[in-house]
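*Asks:* Structure for the following, please:
(chains A and B)
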Amino acid sequence: MPTSPRAPRGMHDVLPEDADLIRFIRDTAERVARLYDYRQITTPIVEDASVFLHTAGDESDIVQKEVYLFEDRGGDRLALRPEGTAAACRAYIEHGMSSRPQPVRLFYFGPFFRYDRPQAGRYRQLTQFGVEAIGTDSPAADAELIDLQLTLYRELGFPADELILRINSIGTAETRRRYAEVLTAHFQPHLGTLSRDSQRRFETNILRILDSKEDAAHPAVIVAPNILDYLSEDDAAHFEAVKSHLDALDIRYEVDPRIVRGLDYYARTVWEVEPPGAGGQSTIGAGGRYDGLIEVLGGPSTPAVGFATGIERIALNMRERGLGSTEEAAPDVVTIPLGEQGALAAARAAAILRAAGVSVRNGLPGRSMKAAMRGAGVSGARYALIVGDAEAEAGTVVLKPLRGDEEQRTVAIDDLGAWGAATATVGL
RNA sequence: GUGGGUGUGGCCUAGCGGUUAGGGCGUCAGGUUGUGGCCCUGAAGAUCGGGGGUUCGAAUCCCCUCACCCACCCCA
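*Replies:* Below is the predicted model:
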């Protein structure tokens, strides 16, 4: 027996009962973005592979293992987009947005793809909401984006003081080069006592030793030099300004010098937002400055800052906390057609009601009345609309309330529109 | 990429060497002639993820494989 196909590994169907929550998050995100005057950009799900390969550094794990790469029939090398920022920047350059008022404020919402091993909160197809301010180096923009991001979480129902915002400044690529040298000198004598992972990181990405889970309590990690001590004067001033803005907005944060980013185009501010006490894949959103990215993509040197947040992780957290609406979608009216003429009249009645803004499930003919009524009861509808041959003949329908103790009554089919309009505005 | 756990009808699950593989939810149909949500009755639906072994006999033991989950790694 051949097994029937399943959704690809790490990819999921969003069933109707889950769709409401996702839509709520999406609507809220878009509403909040517009509150801050950001406008939507939608880019293709597929990009020329170079958009992501050049920006991620050709040698890194990211490219080697985690990007869905393929060649199309014309021989072009394409990639399923793994993130939104590079694509937004590509569009910024391609459409000459540097000649629009700066910064260009953009947001996006959509699917992304990473060939990772799935686990809690990590999927191969994921949904992200991201916001970017391209064309400004103002620390006020960094703070605005942090504020926007936290506002989104608050609007979704997360208690304001529950989420932890951690921020850091990583200076420029030059800063990190100098800092990495200092770290190398610092960890060299302790190499033997560090975990295998950290030993590997010592070679590949030494900054990552700082957020190793295994060596978090290692004395050498605890007393490691702080990147903030290696910032240039300008970068330090920028970071101070970001913090001042956050203070002015009453945003609580924790400076965490262990937050780092590997790639060269990152600069200055980086931040992460995490729910308390969560496990493995806990960060629900992260952001930072990428002053060097546009240039890497062949555009003019343009400072920019942005963040992205994972919708599935937000949904996961919301469900754990019982946030979001739990109301099941139900039609307002379910029709109960009986007999051939009744079925025709029921369909007409349904059309009239829908035109008036009432949602109607038109019952299909052929079931016993008992079964049809049972279905109407289970559906959660407010009214059953019974139409048999007799009613069809008389040009009427029977309107039976399914909740409360209102009596059922007979209504002329010609009056249904008015009834529908009236009840629809009252919200039934 | 590494390690651990799990895998029985649509969903939850009992069974852990010999059962016609049991139950709950759900679905569908009935409970007299055109009126629901509760209740009652009945039906459909699984060969126990897949493959290979051990055994007189396997859902139950072993091996392989796949998938899912969890953690590590990675996290643009």
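
*Asks:* where does A:Gly75 fall, helix, sheet strand or coil?
*Replies:* coil (DSSP: H, G, I helix; E, B strand; the rest coil).

*Asks:* which strands and helices sit next to the strand or helix carrying A:Asp197?
*Replies:* Using DSSP states H and E, A:Asp197 falls within helix A:196-204. Contacts defined by 3 or more Cβ pairs under 8 Å, 6 or more residues apart in numbering; DSSP states H and E place helix A:196-204 against helix A:173-187. C-beta here means a position set from N, CA and C on the backbone, and glycine is covered the same way.

*Asks:* Checking the helix it packs on against RNA strand B, do any of its residues make contact.
*Replies:* No: judged by Cβ under 7 Å from any atom of the strand, helix A:173-187 makes no contact with RNA strand B; its nearest approach is 13.0 Å.

*Asks:* I would like the residues contacting that helix, please.
*Replies:* A:170-171, A:194, A:198, A:202, A:206-207, A:209-210, A:220, A:224-225, A:227, A:230-232, A:235, A:260, A:264-267, A:292 (Cβ atoms under 8 Å, 6 or more residues apart in numbering).

*Asks:* tell me the angle of it relative to helix A:196-204?
*Replies:* 130 degrees (axes from the mean of the first three to the mean of the last three Cα atoms, to 10 degrees).

*Asks:* C-terminal to the host helix or strand of A:Ile352, what's the next element?
*Replies:* Applying DSSP H and E as the criterion places A:Ile352 in helix A:339-355. Where DSSP H and E defines the elements, the next helix or strand beyond helix A:339-355 is strand A:360-361.

*Asks:* which residues touch that following strand?
*Replies:* Applying Cβ under 8 Å, 6+ apart, the contact partners of strand A:360-361 are A:331-335, A:350, A:353-354, A:379, A:381, A:385.

*Asks:* hmm, 7 Å instead?
*Replies:* A:331-335, A:350, A:353-354, A:379, A:381 (Cβ atoms under 7 Å, 6 or more residues apart in numbering).

*Asks:* I'd like a version of these in a markdown table, one that adds distance to A:Pro44 as further columns.
*Replies:* What follows is the contacts of strand A:360-361, written out as a markdown table (distance: Cβ to Cβ, whole Å):
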| residue | distance to A:Pro44 |
| --- | --- |
| A:Pro331 | 37 |
| A:Asp332 | 39 |
| A:Val333 | 42 |
| A:Val334 | 42 |
| A:Thr335 | 43 |
| A:Ala350 | 40 |
| A:Leu353 | 41 |
| A:Arg354 | 36 |
| A:Ser379 | 40 |
| A:Ala381 | 41 |
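
*Asks:* Inside strands: which ones of those?
*Replies:* A:333-335 (DSSP state E).

*Asks:* residue contacts, A:Ile170?
*Replies:* A:176, A:227, A:260-261, A:266, A:268, A:270.

*Asks:* Which positions in the stretch 251-400 of chain A make contact with RNA strand B?
*Replies:* Checking the stretch 251-400 of chain A against RNA strand B by Cβ under 7 Å from any atom of the strand, the hits are A:261-263, A:279-281, A:283, A:286, A:338, A:367-371, A:373-378, A:384, A:386, A:388-391, A:398, A:400.

*Asks:* Okay, and which of those residues map to strands?
*Replies:* Counted as lying in strands by DSSP E, out of these, are A:286, A:384, A:386, A:398, A:400.

*Asks:* Which single one of those residues is nearest to A:Glu406?
*Replies:* Set against A:Glu406, the nearest of these by Cβ to Cβ is A:Lys400 (8.8 Å).

*Asks:* Specify the beta-bridge partners of the closest one.
*Replies:* With beta bridges defined as DSSP bridges, A:Lys400 has these partners: A:Ala384.

*Asks:* what's around it, how many residues?
*Replies:* 17 (other Cβ atoms under 10 Å).

*Asks:* in its sheet, what does the helix or strand containing A:Val305 sit against?
*Replies:* Of the helices and strands defined by DSSP H and E, A:Val305 is found in strand A:304-310. Neighbouring strands of strand A:304-310 in its sheet, by DSSP bridges, are strand A:125-134 (antiparallel), strand A:285-289 (antiparallel).

*Asks:* Just the contacts of helix A:173-187: which are in strands?
*Replies:* Per DSSP E, the contacts of helix A:173-187 map to strands at A:Ala267.

*Asks:* Are any of the contacts of helix A:173-187 buried, and if so which?
*Replies:* A:170-171, A:194, A:198, A:202, A:206-207, A:209-210, A:220, A:224, A:227, A:230-231, A:235, A:260, A:264-267, A:292 (16 or more other Cβ atoms under 10 Å).

*Asks:* from these, which ones fall inside helices?
*Replies:* The helices, defined by DSSP state H, take in A:198, A:202, A:220, A:235 from those.

*Asks:* So for the residue lying closest to A:Leu416 once chain neighbours are set aside, what's the pLDDT?
*Replies:* Nearest residue to A:Leu416, sequence neighbours excluded (Cβ to Cβ, 6 or more residues apart in numbering): A:Ile352, at 4.8 Å. Note on A:Ile352: pLDDT of 96.

*Asks:* Quickly list the domain ranges of chain A.
*Replies:* A:16-171+A:231-321, A:333-426 (automatic domain parsing).
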